[in-house]
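Trainee: this one's structure only:
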């Protein structure tokens with residue numbers, strides 16, 4: 001069993017990510033932290049194999065925490081989860097020893113693929129006393145294939161994801177938008193807006209609430225997180 005520490009400053013997102021991890025066979029959520037200090041304390045106590053680590057944390061960034069863990073000799077693997085798409089941020093994360101760099105928003109399937117690839121990589125290396133070049137290439141290739149195949153769910157456009165996310169986020173966490181309102185603001189059909197809003201809510205990028213009216217059928221309302 002691979003023990004995972006889920007770290008995200010947003011309680012709602014952390015809960016969703018923990019749910020995603022728990023749904024993958026062979027993985028167990030060993031703890032949830034919302035800032036660097038309790039995350040570091042959890043690693044110090046032991047029993048953590050992998051950290052699903054948000055980059056933007058209060059007081060100390062995920063990247064800084066990763067570097068500190070490396071400096072102190074903690075043998076912990078890290079999957080960074082962040083909305084930061086800047087090339088320099090990716091470069092810094094790789095140099096710090098981050099195994100995966102997962103851009104928000106992502107789906108449960110997107111995370112599952114990376115966890116499964118990680119489990120395969122870990123198992124292959126742990127079971128071998130030495131590896132020839134072909135086996136190394138195959139093992140690392142599995143990791144890269146998982147990243148490429150799930151960068152964005154099939155049938156979705158990264159540009160539309162960013163557009164819908166920005167529209168809801170710009171209205172803040174105190175103003176709820178309906179699917180119809182997002183459709184009109186984004187200039188897309190209601191059904192398209194509904195698909196993208198569902199994707200973003202499932203990935204923890206937006207927050208979904210239900211409002212019940214006289215019809216008995218709840219209206220889906222979305223806010224930024």
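Mentor: It's in. Quick caveat, the model's predicted, so the values are computed rather than measured.
Trainee: So, low pLDDT: which residues of the chain?
Mentor: For the chain, applying pLDDT under 70 flags the ranges 124-153, 172-173, 213-216.
Trainee: how's it carved up into domains?
Mentor: If the domains of the chain are taken from automatic domain parsing, they occupy 2-149, 158-224, with pieces of a single domain joined by a plus sign.
Trainee: Reformat the ones you listed as CSV; add mean neighbour count.
Mentor: For every residue, glycine as well, the C-beta is placed using N, CA and C. Written out in CSV, the entries for the domains of the chain read as follows (neighbours: other Cβ atoms under 10 Å):
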stretch, mean neighbour count
domain 2-149, 17
domain 158-224, 16
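Trainee: what kind of secondary structure is the most centrally placed residue in the chain in?
Mentor: Geometric centre of the chain, nearest residue: residue 81, 4.5 Å, by Cα atoms, centre = their mean. Here residue 81 is strand, with the state taken from DSSP: H, G, I helix; E, B strand; the rest coil.
Trainee: what sits opposite it in the beta ladder?
Mentor: Beta-bridge partners for residue 81, by DSSP bridges, are residue 54, residue 102.
Trainee: Next up, the contacts around it.
Mentor: Residue 81 makes contact with 8, 17, 52, 53, 54, 55, 102, 104, 106, according to Cβ atoms under 8 Å, 6 or more residues apart in numbering.
Trainee: Dump those residues to TSV, plus distance to residue 194.
Mentor: Below are the contacts of residue 81 laid out as TSV (distance: Cβ to Cβ, whole Å):
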residue	distance to residue 194
8	26
17	23
52	28
53	31
54	27
55	29
102	25
104	20
106	19
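Trainee: Closest one to residue 112 out of these, please.
Mentor: Minimum separation from residue 112 among the contacts of residue 81 (Cβ to Cβ) is found for residue 106, which lies at 10.0 Å.
Trainee: Can you classify the closest one as helix, strand or coil?
Mentor: Local secondary structure at residue 106 is given as coil here, using three-state DSSP.
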